[in-house]
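Chemist: Dropping a prediction and its sequence here:
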Amino acid sequence: MHRSTDRILTTHVGSLVRPANILRGMKARTLEQPYDQRVLAEDVRAGIQHVVREQVEAGIDIPSDGEFGRAGFVNYIHERLTGIERRPLDPDEDIWGAGADREQQVFPEFFEQYHDHFRYLWMSPEVPIDDVPNLPGNYEKFRVVDKVQYMGQQLIQQDIATFQSALQGLNVADAFINAVSPMQRVRSDRNVLDFYRSEEDYMYALADVMREEYRAITEAGFLLQVDLGALNPRRGVLQHNRNPTLEDMTRAMELAVDVLNHALQGIPEDQVRYHHCWGSMNSPHTQDQPLRQIVGPMLKIKAQAYVLEAANPRHEHESMVWKDVKLPDGKVLIPGVISHQTNVVEHPELVAWRLKNFASVVGKENLIGGVDCGFSQYWDSIRVHPTVQWAKLSALAEGVNLASQELWA
């Protein structure tokens with residue numbers, strides 16, 4: 001993993017807003033409507049070629065493939081596993097997760113309105129959504145029908161080859177590919193105990209399976225970014241505990257970190273980034289765990305870099321946590337210094353100011369400028385207008401340059 005040796009480098013979290021032709025194909029695939037698989041595959045290939053170049057032109061040093069070939073950062077993985085199958089939703093199923101989400105319990109009136117519109121607000125007008133159910137992006141639910149195994153070798157190699165081709169001739173410091181964490185399956189998969197002794201055993205089995213995808217990414221020379229799961233126990237192993245104590249949360253995080261580290265066995269630590277966010281929603285965030293409560297378990301994850309929300313106004317002040325918590329030698333912090341969930345474009349001087357705050361406590365060489373979360377974690381959940389997305393990434397690059405000029409003056 002390249003470090004910021006003579007200037008601060010730039011990156012983001014992975015997902016970018018997909019163009020309309022890919023959105024149409026993703027919609028048809030998700031709704032199981034007729035579509036031409038070859039046309040969608042070519043649209044994805046051409047889209048990645050274009051979006052990688054756009055990232056570099058915007059000033060991004062460490063780009064991704066935009067996750068263009070995936071329906072979402074979580075719900076792509078069922079296409080690469082055996083042993084699970086889709087199940088129908090229960091008539092009264094808590095599809096939004098309100099039963100386990102303290103934020104929704106505190107602000108029910110807000111979420112009643114928010115859920116009605118937030119996912120489709122910036123959908124391309126070229127993609128009609130009248131027939132798309134208003135459900136969260138990861139609404140597809142599954143049941144376990146056998147021991148899980150990985151069958152995604154061809155798909156991950158296709159991801160790798162497409163990305164490698166798109167990077168040809170471009171000057172980048174590194175490039176990264178996202179992969180979901182093992183813990184993300186636990187909250188939706190039914191019938192686990194028909195095939196595993198416990199949910200914990202199931203998580204470790206998933207860790208063994210996901211290691212194959214992680215290994216393929218790093219052996220191809222890419223950075224691996226593992227998304228979410230380990231430090232969000234309310235969304236995973238504690239989903240059925242409506243009132244977890246701090247001790248419950250800590251134990252759950254420790255277990256999830258151990259599962260993730262099990263999945264990362266044999267993966268070079270200097271090729272791993274772990275991304276943590278607090279749900280990324282444009283919502284109150286009053287129930288987020290403070291960084292101080294999660295930083296200990298986070299630093300036990302076998303990753304060289306940690307990607308954190310820091311432009312979110314609920315967490316921006318937490319840059320000063322690093323005055324008291326020493327970033328271990330050799331580690332890199334990738335704070336979000338622009339937001340993915342507001343259409344306000346940050347001023348480059350604000351970006352520079354945020355980075356200088358972090359540099360004052362962790363050191364300029366241990367920083368990479370980033371984004372809070374993905375701009376479109378699911379194909380049908382677009383956080384900002386695409387033109388604003390690119391303005392924000394350009395502001396990130398400009399702000400990084402301003403900070404670098406001062407820090408390396």
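Modeler: Noted; the coordinates are in hand.

Chemist: Sketch out the low-pLDDT regions of this structure for me.
Modeler: Scanning the chain for pLDDT under 70 picks out 137-139, 186-187, 233-242.

Chemist: separation between Gly97 and Val332?
Modeler: Look at Gly97 and Val332: by Cβ to Cβ, to the nearest Å, they are 32 Å apart. For the C-beta atoms, the positions are set from N, CA and C on the backbone; glycine is no exception.

Chemist: How about Asn282?
Modeler: Asn282 sits 28 Å away from Val332 when distances are taken as Cβ to Cβ.

Chemist: which of those two has more neighbours?
Modeler: Higher neighbour count among Asn282 and Val332: Val332, with 22 against 15, using other Cβ atoms under 10 Å.

Chemist: Thought Lys364 was touching that one, still the case?
Modeler: No - using Cβ atoms under 8 Å, Val332 makes no contact with Lys364, being 11.4 Å away.

Chemist: what sits in contact with each of the two?
Modeler: Taking Cβ atoms under 8 Å, 6 or more residues apart in numbering as the contact rule, Val332 and Lys364 touch no residue in common.

Chemist: Would you list the phi and psi of Arg273?
Modeler: phi -120, psi 140 (degrees, to the nearest 10).

Chemist: Oh, that last question was meant for Asn75, not what I typed.
Modeler: Given degrees, to the nearest 10, the pair of backbone angles that Asn75 has is phi -90, psi 20.

Chemist: Let me know how buried it is, in neighbour terms.
Modeler: Neighbours around Asn75, by other Cβ under 10 Å: 22.

Chemist: measure it to Asp380 for me?
Modeler: 11 Å.

Chemist: Helices of this structure, start to end?
Modeler: 20-30, 37-58, 102-106, 108-117, 153-167, 199-219, 246-263, 291-298, 348-362, 386-407 (DSSP state H).

Chemist: Would you convert these into JSON lines that also reports mean neighbour count and distance to Val132?
Modeler: Shown next, in JSON lines, are these (neighbours: other Cβ atoms under 10 Å; distance: least, Cβ to Cβ, whole Å):
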{"stretch": "helix 20-30", "mean neighbour count": "19", "distance to Val132": "6"}
{"stretch": "helix 37-58", "mean neighbour count": "18", "distance to Val132": "17"}
{"stretch": "helix 102-106", "mean neighbour count": "16", "distance to Val132": "22"}
{"stretch": "helix 108-117", "mean neighbour count": "12", "distance to Val132": "13"}
{"stretch": "helix 153-167", "mean neighbour count": "17", "distance to Val132": "24"}
{"stretch": "helix 199-219", "mean neighbour count": "20", "distance to Val132": "28"}
{"stretch": "helix 246-263", "mean neighbour count": "19", "distance to Val132": "32"}
{"stretch": "helix 291-298", "mean neighbour count": "17", "distance to Val132": "34"}
{"stretch": "helix 348-362", "mean neighbour count": "20", "distance to Val132": "35"}
{"stretch": "helix 386-407", "mean neighbour count": "20", "distance to Val132": "19"}
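
Chemist: Can you lay out those as a markdown table showing distance to Glu79?
Modeler: Converted to a markdown table, the helices of the chain look like this (distance: least, Cβ to Cβ, whole Å):
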| stretch | distance to Glu79 |
| --- | --- |
| helix 20-30 | 10 |
| helix 37-58 | 12 |
| helix 102-106 | 29 |
| helix 108-117 | 26 |
| helix 153-167 | 7 |
| helix 199-219 | 12 |
| helix 246-263 | 19 |
| helix 291-298 | 29 |
| helix 348-362 | 37 |
| helix 386-407 | 26 |
